[in-house]
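Colleague: I need the structure of the sequence given here:
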Amino acid sequence: SLSTRVKYREDASAEVAAFGALRLLSPTTKRVLRKRMDIDKLAYEALVLHNALVTATLSVTGPAAQMLDRIVPCVRDFGLSLHSSSERLFEALNEDKDVPPPKDDVKVAAQMCLRTFLDAKDGLIEHCMAGSEQAADIISSGGFRVYYLVYTLSVFAESWAGVESRLFSDQPPMEMVT
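Modeller: Numbers count the residues shown, from 1 in each chain. Prediction:
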């Protein structure tokens, strides 16, 4: 947890200084310790994303809920991509052999969510240009929370990919083709 990491930060720094000089730390451990600020930022962004998910789920109603329903499958796919990415990262950190570069599937899944949202938004704009009041209905029923959810998901995916890449010995991610 974040509180445990903060609590033991000074001890970890002392251990790195002592054991690092004696070459008792594995390269993986050193990478994790060097990237701890990025990991802390990622934990914060995970909390923001969680809050956006909960808020959108609890407060989006009516026409905005229809927009949210369109991105739910993409959010589910994003969660599955994140899970498989975390498993690969766990394996890479616990093996002392060379590992292939990380896959870019988390960012691809986030881009799919963004694309689905933008398609829904474009449809909404077309309705507005035709004189529809649908935009006002979506905004008043929590549509901005759907936008915020997609935004926080994109920010989190970018940070996740960065941390993952740095922990994989700074290997650039392999791009996925969808």
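
Colleague: what mean pLDDT does the helix or strand where residue 147 lies get?
Modeller: Using DSSP states H and E, residue 147 falls within helix 143-167. Taken as a whole, helix 143-167 carries a mean pLDDT of 90.

Colleague: only the buried residues of whatever helix or strand residue 136 lives in, if you could.
Modeller: Under the criterion of DSSP H and E, residue 136 resides in helix 134-140. Neighbour-count burial for helix 134-140, with 16 or more other Cβ atoms under 10 Å as criterion, is recorded at 134, 138. For the C-beta atoms, the positions are set from N, CA and C on the backbone; glycine is no exception.

Colleague: what lies in contact with it?
Modeller: For helix 134-140, contacts defined as Cβ atoms under 8 Å, 6 or more residues apart in numbering pick out 62, 63, 64, 67, 124, 125, 127, 128.

Colleague: and stretch 143-154, by the same measure?
Modeller: So stretch 143-154 is contacted by 45, 48-49, 52-53, 55-56, 59-60, 63-64, 67-68, 71, 75, 78, 110-111, 113-114, 117 (Cβ under 8 Å, 6+ apart).

Colleague: where does pLDDT dip in the protein?
Modeller: 1-24, 96-102, 169-178 (pLDDT under 70).
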